[in-house]
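> Sequence and predicted structure below; questions after.
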Amino acid sequence: MKYPDTKIVALCGGIGGAKLALGLNNILDQKNLSIITNTGDDFLYLGFYICPDIDTVIYTLAGVNNPDTGWGREDETWKTLDVLKELGADTWFQLGDKDLALHLFRSKEKRKGELLTTITRKITNKFGLKTNVLPMSNHAVQTILETENGEISFQDYFVRQKCSQRSQIFFLNPKNQWQQMQLKKRYRIKN
């Protein structure tokens, strides 16, 4: 540990953010590091509350991430998803069995009324992490893309559609329609 007394707060999202978190984790005292993770890509899928960026950071810091993909768990199995596919479920988002167990736990805790911050802390504790991993918000905030075919969520655009549509604008989906309209006006990209 090179900097035992340094305290750092880092903003992280995705695989790149997880790598940054790991680098900082390796040179700092873990209890002096706080990682604020993106929740704009969180979504409901198959009835589960999925937090891809939080999970990628936790898996990476815990050393259980899939090194080949950068996301998901190492040595993952896919039996649940295979059965869901046999049953006709839409399985466009790849969730392995170990990963599903985490989403089941998170979803159960959310239904009990727990805040995402509290749930994330429980998960990091179970993985033996001392690093403070926090969601950027306890409230639902979703990255939305405006495409030539209408608005879609980030995961739908990036994973399901593999970025096949032209995107005109990214924005976080506020609940207030007036705020939403103002954001669209302000950041609209002209052709």
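On my side now, so go ahead.

> can we go C-alpha only for contacts and neighbour counts from here?
Noted.

> how is this protein carved up into domains?
Listed by automatic domain parsing, the domain ranges of the chain are 8-135, 143-187.

> Mean neighbour count, the ones you listed: which tops it?
domain 8-135 (a mean of 17; mean count of other CA atoms under 10 Å).

> Can you give me the end-to-end span of it?
End-to-end distance for domain 8-135, by CA to CA, to the nearest Å: 16 Å.

> Relative to the whole chain's centre, how far out is that domain?
6 Å (CA atoms, centre = their mean, to the nearest Å).

> Let me see the mean pLDDT of that domain.
For domain 8-135, the mean pLDDT works out to 94.

> May I have the phi/psi pair for Lys108?
Main-chain torsions, Lys108, degrees, to the nearest 10: phi -60, psi -40.

> where do the strands sit along this structure?
Secondary structure of the chain, counting by DSSP state E: strands at 8-12, 33-37, 43-45, 48-50, 132-135, 143-147, 150-153, 167-172.

> Of all these, which one is nearest Val64?
With distances scored as CA to CA, the stretch of those nearest to Val64 is strand 132-135 (15.9 Å).

> Which other helices and strands does the closest one contact?
Counting contacts by 3 or more CA pairs under 8 Å, 6 or more residues apart in numbering; DSSP states H and E, strand 132-135 is packed against strand 33-37, helix 52-62, helix 116-126.

> Would you tell me which of these gets closest to Leu95?
Of the helices and strands packed on strand 132-135, nearest to Leu95 by CA to CA is helix 52-62, at 10.3 Å.

> quick check: angle from the closest one to strand 8-12?
If you take axes from the mean of the first three to the mean of the last three CA atoms, to 10 degrees, helix 52-62 sits at 130 degrees to strand 8-12.

> just the angle between helix 52-62 and strand 33-37, please?
150 degrees.

> Export only the CA atoms of helix 52-62, formatted as PDB.
Extracted as PDB, the C-alpha positions of helix 52-62 are listed here (Å, rounded to 0.1, in the frame of the first residue of the first chain):
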ATOM      1  CA  PRO A  52     -24.700  -3.600 -13.600                       C
ATOM      2  CA  ASP A  53     -22.100  -1.000 -12.600                       C
ATOM      3  CA  ILE A  54     -22.400  -1.500  -8.900                       C
ATOM      4  CA  ASP A  55     -22.000  -5.300  -9.400                       C
ATOM      5  CA  THR A  56     -19.100  -4.900 -11.800                       C
ATOM      6  CA  VAL A  57     -17.200  -2.800  -9.300                       C
ATOM      7  CA  ILE A  58     -18.000  -5.200  -6.400                       C
ATOM      8  CA  TYR A  59     -17.100  -8.300  -8.400                       C
ATOM      9  CA  THR A  60     -13.800  -6.700  -9.600                       C
ATOM     10  CA  LEU A  61     -12.800  -5.500  -6.100                       C
ATOM     11  CA  ALA A  62     -13.600  -8.900  -4.600                       C
END
